[in-house]
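Student: Predicted coordinates and the sequence they were generated for:
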Amino acid sequence: MAQADHMPHVTGGEMTPPTGDKLDVIQVLRGFAALMVVGYHGVGYQMSIKEPGITQLISRVGASGVDLFFMISGFIMVYATKNSRGGLREATEFMIKRLARVWPVYAVATAIYIPMMVLMGRHLGHVDIITEPNKIVRSLLMIPTDFANRGPYFGGAVLHVGWTLSYEVLFYVLFAMSMLFGRFRWIALSAIACGLLIATPFVVSKPSLNAYVYYGFDGPIDFLSSPMLWEFFTGVIIGKIYLTRFSIPLLQATLLCLFALTFVAWFLVSDVSSKMGYTGWAGPYALLLFTLVIGSKTMTVKWPKSLIWAGNISFSLYLVHPFIIHPAYQLLWERTIPGAIMDNVFFMLMLAVASLGLAAVSYHYLEAGLSEIVRKRALATFRRYVKVAA
């Protein structure tokens, strides 16, 4: 069987824009990205990925959802803080909201995933999960487990999707740092980007857009200067343009969106590249995000409610689909179900449906439940502290 342990995972911890407005397109893109990654992992163990066809195509391009999600995250951070004046208080509240959004759900998922995988591993005769205590702690803190390992994974995480959350949280920290500079925060964020991604690599080498580059710092600096961060900053730039008066007339916007969709489809199907970052999928997705969000200013599109719903639950879908896919193959392959039944795209679709069902439960009880409780209490505690200190 093809192994799926260290394959890329999508992330979806960004703020959700209001539903029912022009930015429904963001939810559609998030839903699309999440489903791409579910499909990618859903065929990850299948032998048919070695043969030309739909299964191989999904295996080759599904991971590209990572690039799209990182750009969306950058865009939404700008959109969600458009009325912010910056400063220490707003930067702190921003971090509280962000961490409350992603950490409780991720911590619960990790805490459940570990014993599930250990028990399953003992049944199968091999434990297929990171079990070192220090790496479990680092995973729970959303810190890469091995900075000496090559990017963009840097050792991954116990719950494999956690490697992308490490980038999310890093970007939140950088964004919050820029907010400390008030009305100069966009200049500060630009300086941070240039300092980390351009100036820092010059210490040992030269800057690269290759997400898999090894600068040779052999430590956290390799992670801090990862070219993957360019995707978040791309989203920031698109977000800033969106908030201006700039728009594209309806006809031109429609043609540009059709071109972008066609170009992305061609890029993925033609196998020009099968890599993350700007030496791979990032460029076409940047074009797609830009044309769709700017085009939404003048175009009126009735997006499928199913994709909007998938976008709403995309973070839960991102976290819980390994709970379905990994055991399905590990426990069933050549044991209770003939391999031929599972070695096709239809089995992947079954896994996707099951993942969506579990994600809906997670969204209701963890995202809309636990995370919301943590966010409200953390904000209330901080605001009481600020009031007393004042």
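Tutor: All right, it came through fine.

Student: now what about stretch 110-120, what contacts it?
Tutor: 127-129, 131, 136, 139-140, 157-159, 162, 322-323, 326-327, 330-331 (CB atoms under 8 Å, 6 or more residues apart in numbering). Using the backbone N, CA and C atoms, a C-beta is placed for each residue, glycine as well.

Student: Now list the buried members of those residues.
Tutor: 129, 136, 139-140, 157-159, 162, 322-323, 326, 330 (16 or more other CB atoms under 10 Å).

Student: which of those sit farthest apart?
Tutor: Farthest apart among the buried ones among the contacts of stretch 110-120 by CB to CB are 140 and 330. That separation is 23.3 Å.

Student: Which of the residues in the longest helix seen in the chain are classified as buried?
Tutor: Secondary structure of the chain per DSSP state H: the longest helix is helix 88-124. Within helix 88-124, the residues scored as buried using 16+ other CB under 10 Å are 90-110, 113-114, 117, 120.

Student: Give me the angle between whichever helix or strand comes after that helix and helix 88-124.
Tutor: Using DSSP states H and E, the helix or strand that follows helix 88-124 towards the C-terminus is helix 133-140. What separates the directions of helix 133-140 and helix 88-124 is an angle of 130 degrees, with axes from the mean of the first three to the mean of the last three CA atoms, to 10 degrees.

Student: Could I get the pLDDT score of residue 219?
Tutor: Looking at residue 219, its pLDDT reads 88.

Student: I should have written residue 202 there, sorry.
Tutor: For residue 202, pLDDT reads 94.

Student: Low-confidence ranges, this protein, go.
Tutor: 1-22, 333-340, 390 (pLDDT under 70).

Student: Kindly list the main-chain dihedrals of the closest residue to residue 82 other than its chain neighbours?
Tutor: Nearest residue to residue 82 in three dimensions, chain neighbours excluded: residue 243, at 5.7 Å (CB to CB, 6 or more residues apart in numbering). As for residue 243, its main-chain torsions (degrees, to the nearest 10) stand at phi -80, psi -10.

Student: any idea how far residue 243 lies from residue 182?
Tutor: Computed as CB to CB, to the nearest Å, the residue 243 to residue 182 distance reads 17 Å.

Student: With residue 188 instead?
Tutor: 9 Å.

Student: And the contacts of the helix or strand encompassing residue 265?
Tutor: Assigned by DSSP H and E, residue 265 falls within helix 250-269. Contact partners of helix 250-269, identified using CB under 8 Å, 6+ apart, comprise 57, 61, 64, 247-248, 273, 281, 284-285, 287-288, 290-292, 294-295, 297-299.

Student: sorry, back to before: the residue nearest to residue 82 touches residue 75, doesn't it?
Tutor: No. Using CB atoms under 8 Å as the test, residue 243 is too far from residue 75 to be in contact (10.1 Å).

Student: quick one: residue 141 and residue 308, what's the gap?
Tutor: 33 Å.

Student: any chance you could map the strands in the stretch 251-390 of the chain?
Tutor: Taking DSSP state E, counting those that start in this stretch as the criterion, the stretch 251-390 of the chain contains no strands.

Student: if I look at the closest residue to residue 107 other than its chain neighbours, how far off is residue 323?
Tutor: Nearest residue to residue 107, sequence neighbours excluded (CB to CB, 6+ apart): residue 140, at 5.9 Å. Separation of residue 140 from residue 323 (CB to CB): 17 Å.

Student: Residue 150 now?
Tutor: Where residue 323 is concerned, residue 150 sits at a distance of 27 Å (CB to CB).

Student: can you check residue 290 too?
Tutor: For residue 290, the distance to residue 323 - CB to CB - is 35 Å.

Student: one step back: neighbours of the residue nearest to residue 82, how many?
Tutor: Close neighbours of residue 243, defined as other CB atoms under 10 Å, add up to 11.

Student: so what's it up against?
Tutor: 78-79, 82.

Student: got the end-to-end distance for stretch 330-350?
Tutor: One end of stretch 330-350 sits 16 Å from the other (CA to CA, to the nearest Å).

Student: for stretch 233-252, same thing?
Tutor: 26 Å.

Student: That one: which residues count as buried?
Tutor: Within stretch 233-252, judged by 16+ other CB under 10 Å, the buried ones are 233-240, 242, 248.

Student: In a markdown table, list those residues along with distance to residue 219.
Tutor: Listed next are the buried residues of stretch 233-252 as a markdown table, based on distance: CB to CB, whole Å:
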| residue | distance to residue 219 |
| --- | --- |
| 233 | 22 |
| 234 | 26 |
| 235 | 27 |
| 236 | 26 |
| 237 | 29 |
| 238 | 32 |
| 239 | 31 |
| 240 | 32 |
| 242 | 37 |
| 248 | 45 |
